[in-house]
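In: sharing a model prediction with you, sequence too.
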Amino acid sequence: MKPYLTGMTRVVLAMTIALVVLVMHPSGQSPVQQMVGVRHYSGENVAPVFEGWEKNTDGSFNLVFGYLNRNYEEEPEIPVGAANSFSPGPADRGQPTHFYPRRQQFMFKVHVPADFGKQELVWTLTRDGRTEKAVAHLALEWELTEIVYSQNRAGLNRDSVTAKPNLPPTITADSKTPIAAVATTPVTLSFSASDDGQPAVPAPRTPNAAARRSGPPPEPALINIRQGPVQQQIIKPSRQGLTVTWTLWRGVGKVTFNPPTIVVKDGKATTEATFSTPGMYVIRAFADDGVLLEGGDVTVTVSGR
């Protein structure tokens, strides 16, 4: 004879089974973590991202990449090699080895020839035994236009009908050879940058009374492992015309920039960089017109005192 279960007993049994399944979930997260989400400040991996492709005037293409560092604070360094490589072909395609927290879009481009066709290029990142790949291709729906950039970078209200043509900015380091520096001592980095003046700088917005009363929308609920700063986009879309933002591209130490971002004046952008430890560093400066951005590099050789 089968045991009889009352309605209440069935409910209690189902809740118990569900709780056991949640507790034993192979992800290793607690039920609360899975339902609400947790900010991991360190210990997570970095996922490469294929953003799309651009066509050049000579018929060749640029494959554009970014990444998602799943940490909210830690900035992993993954050297070029088995853990940070492209295939097929050369493993080093100019990718970063230093990864800023969270989602960083449109960070670098890999040039491929006009006859690339249906080939694929794979960027692989491995950290602590966890491997993720980004597969780049020339599928039509992955073409990057200025409107796509605008929509992804919070836009400046540009559209394909009313927007004036916009050429990407240019940027080059003033020093054509590696710069010598001393650890913990600021060194000047100077870049030349230019743009076509598009898009136009937007007029300042005046919030209406309703917006002032209501305030900003609430953020999604998150459980913080601890309180601390949350780094998001390292290159925030410019609303002041052409700006330059400096980033650590490759290097094992920490670098601080003063200022980290500056509005370009008379075609020049200058900052002071301070390096924590000796070593070889690559600094990438991004020129940003609010929609399109381009990077330029300078190498810095840092010695001890």
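Out: Here it is on my side, so go on. As the structure is a computational prediction, the values presented were derived from the model and not from experiment.
In: can I see the domain layout of this structure?
Out: The chain breaks down into these domains under automatic domain parsing: 7-36, 46-146, 166-202+239-303.
In: any chance of those domains in CSV, plus mean pLDDT?
Out: Shown next, in CSV, are the domains of the chain (pLDDT from 0 to 100):
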stretch, mean pLDDT
domain 7-36, 43
domain 46-146, 97
domain 166-202+239-303, 96
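In: so which of these is nearest Arg153?
Out: Smallest distance to Arg153 across the domains of the chain (C-beta to C-beta): 6.2 Å, for domain 166-202+239-303. Where you see a C-beta, it was placed from the backbone N, CA and C, and this is true even at glycine.
In: out of the domains of the chain, which gets nearest to Gln233?
Out: When those are compared by C-beta to C-beta, domain 46-146 sits nearest Gln233, at 6.8 Å.
In: most centrally placed residue in the chain?
Out: Compute the mean C-alpha point of the chain, and by C-alpha atoms, centre = their mean the closest residue is Gln104, 1.0 Å away.
In: quick one: it and Phe65 touch, right?
Out: No. Between Gln104 and Phe65 there is no contact under C-beta atoms under 8 Å: 9.9 Å.
In: would you list the domains of the chain in TSV and tack on distance to Gln232?
Out: As requested, the domains of the chain are exported to TSV (distance: least, C-beta to C-beta, whole Å):
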stretch	distance to Gln232
domain 7-36	20
domain 46-146	5
domain 166-202+239-303	13
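In: partner residues bridging Lys109?
Out: Using DSSP bridges, the bridge partners assigned to Lys109 are Val64.
In: which strands and helices sit next to the strand or helix carrying the residue nearest to the centre of the chain?
Out: If you go by DSSP states H and E, Gln104 is part of strand 102-112. With contacts taken as 3 or more C-beta pairs under 8 Å, 6 or more residues apart in numbering; DSSP states H and E, strand 102-112 sits against strand 46-55, strand 61-69, helix 146-152, strand 293-303.
In: can you list the ones you listed in CSV and add mean neighbour count and distance to Glu75?
Out: Below are the helices and strands packed on strand 102-112 laid out as CSV (neighbours: other C-beta atoms under 10 Å; distance: least, C-beta to C-beta, whole Å):
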stretch, mean neighbour count, distance to Glu75
strand 46-55, 20, 10
strand 61-69, 21, 7
helix 146-152, 18, 23
strand 293-303, 19, 18
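In: out of those, nearest to Arg250?
Out: Once the helices and strands packed on strand 102-112 are compared by C-beta to C-beta, strand 293-303 is nearest, at 8.9 Å.
In: run through who's touching the closest one.
Out: Residues outside strand 293-303 that contact it (C-beta atoms under 8 Å, 6 or more residues apart in numbering): 106-108, 168-173, 175, 178-183, 187, 189, 191, 193, 235, 249, 253, 273, 275, 277-287.
In: go again using 7 Å as the cut-off
Out: Counting by C-beta atoms under 7 Å, 6 or more residues apart in numbering, strand 293-303 makes contact with 106, 108, 168-173, 175, 178-183, 187, 189, 191, 235, 249, 275, 278-287, all of which sit outside it.
In: list the beta-bridge partners for the residue nearest to the centre of the chain.
Out: Beta-bridge pairing for Gln104 (DSSP bridges): Tyr67.
In: quick thing: my sequence starts at 829, can you match it?
Out: Okay, using 829 as the starting number, the last item reads as Gln932.
In: was I right about it contacting Gly894?
Out: Yes. Gln932 lies in contact with Gly894 (C-beta atoms under 7 Å); the separation is 5.4 Å.
In: count of residues packed around Pro907?
Out: Pro907 sits with 11 neighbouring residues when counted by other C-beta atoms under 10 Å.
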